[in-house]
Structures are given as structure tokens and as C-alpha cells.
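Asker: Take this sequence and fold it.
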Amino acid sequence: MTGPREPDPGAADGPREPVPGAVDGPREPIPGSAADPPAPGRSRLGRWRDQALALGWLVAVWNLLWGEASWANLVSGLLVGGAVLLFFPLPPVTFAGRLRPWALLVFAVRFAAELVSASLHVARIAVHPGYRPRGAIIGVPLRVPTDLNLALTAEAVSLVPGTLILELDRDSGTLYLHVLDTHGPADLTDARERTLAVERRIVRAVGSAAELHRVQNDPVEKGTKP
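Answerer: This is a model prediction of the structure:
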């Protein structure tokens, strides 16, 4: 026969009073917190968007390399770009910016003008008898060292005749490029200013608000018209 049970020291007589801030049962995750997993549909949509943007840039570069925009180059660019993304997948690059059509048009017009001007300059050097242009290698630290901005700026600078990207330092966000036909420090300064102006126009076209604020707060480089 068992005796009377000893009272539990941790038990309180009568109903317990609710503790302020305590919640009975499992807690619901706070929206946007670490406990709230991202929606699979949204992340999948972001991956498809990034792949589509990468394919579009590959097709554009393919047509620029051929020097002619045609249906054959468009179809072949889609096939080549799709094969590159399928067999050589790139690391995920998030796009947190916003597409601005007017700024994108300004970038395209300025890029076409610089392309024509640089092509004429290189052609004049090629036909000049006995002229030996001097080249130089410079480093240009970018203001927005994201992977997307580094890639877009490097591609845009490399497509202009007379400049060639030699190396890209991802940690410091620096482009090292070879510049053709330099006569002194002023030409090196102009090359740096042109590269930073290209970066600014790219950020204005597809950058985020924070990236746009960063490049707009920098002083305007001498000799550039962003």
C-alpha cells in the first residue's frame, strides 16, 4: 500500500497565471526571418530570369563578334549560348537591380559612338606608315565590385577596339586592361575615366538603387560625360 504522494515543489497551487510574452504551443515563423524558408516558386523564377539574362548577353556578344545582326547569327547565338549554359554552367549571379529603358538606350548610343570612334582610330594607326603605337597596362578599381557589374563592364570595355582586359581581380573589384596608343600620363587618365564612365552608364541602366547611389555620389571624372 502506497502512502500519500509528496507535493511537487515545482507545481503551483491552482491554475497558473500566464507569463507575459509566453506563447503556448509551437511558434509561427516571422515572415522574412531566417526561420521562414524562401518560397520555392520565387527562387525558381529568379534562376530562370538569371539564365534568360545570361543567354541574352551571350547572344548579343555572339552577334557583335560576327559583326552582323541576322537571323542566322541570332539562331546560332541561341544554340551556342544554350550549349554554354548547359555544359559550362556559370556560378549563380543574383540580379538585384532594375532595368531602366532610357538609361539602357543612352548606354547603347554612347557605346555605339565609342565603338565607331575607336575603330576609326585603330584603322588610322594601321594605315599610318612607320608608326609604332605605344601600349600600357593600367588597373581601374570599380565602384560597384559585384560579379555582374564586373562582368558587364569588362565585356563592354573589351568590345571597344584599342582596349583589352588582361585580368580581373574579383576580391578588389579591379580591372587590368591594355590600352593602345598612349603618349603620356594624360592618356592613361583618360582611359581610366572612360572605363569608370562605362561602369556608371551600366549601373544607371541595370543597377540597384544602392549601386546607383554609390556611383552618383562619386565626383564626375574630368573629360567624361556620363
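Asker: Would you indicate which residues of stretch 149-161 are buried?
Answerer: 149, 150, 152, 153, 154, 155, 156, 157, 159, 160, 161 (16 or more other Cβ atoms under 10 Å). For every residue, glycine as well, the C-beta is placed using N, CA and C.
Asker: How far off centre is that stretch?
Answerer: 11 Å (Cα atoms, centre = their mean, to the nearest Å).
Asker: okay, that stretch in PDB with CA atoms only?
Answerer: C-alpha atoms of stretch 149-161 as PDB (Å, rounded to 0.1, in the frame of the first residue of the first chain):
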ATOM      1  CA  ASN A 149      28.900  44.600 -62.800                       C
ATOM      2  CA  LEU A 150      32.500  43.300 -63.200                       C
ATOM      3  CA  ALA A 151      31.400  41.000 -66.000                       C
ATOM      4  CA  LEU A 152      29.300  43.600 -67.800                       C
ATOM      5  CA  THR A 153      31.900  46.400 -67.500                       C
ATOM      6  CA  ALA A 154      34.700  44.100 -68.600                       C
ATOM      7  CA  GLU A 155      32.700  42.900 -71.700                       C
ATOM      8  CA  ALA A 156      31.800  46.400 -72.700                       C
ATOM      9  CA  VAL A 157      35.400  47.700 -72.400                       C
ATOM     10  CA  SER A 158      36.800  44.700 -74.200                       C
ATOM     11  CA  LEU A 159      34.500  45.100 -77.200                       C
ATOM     12  CA  VAL A 160      35.900  48.600 -77.900                       C
ATOM     13  CA  PRO A 161      38.900  48.400 -80.200                       C
END
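Asker: my guess is residue 110 meets residue 202, correct?
Answerer: No - with contact defined as Cβ atoms under 8 Å, residue 110 does not count as touching residue 202 (10.7 Å).
Asker: State the mean pLDDT of the strand or helix carrying residue 55.
Answerer: Here residue 55, judged by DSSP states H and E, is contained in helix 40-66. Averaged over helix 40-66, pLDDT sits at 76.
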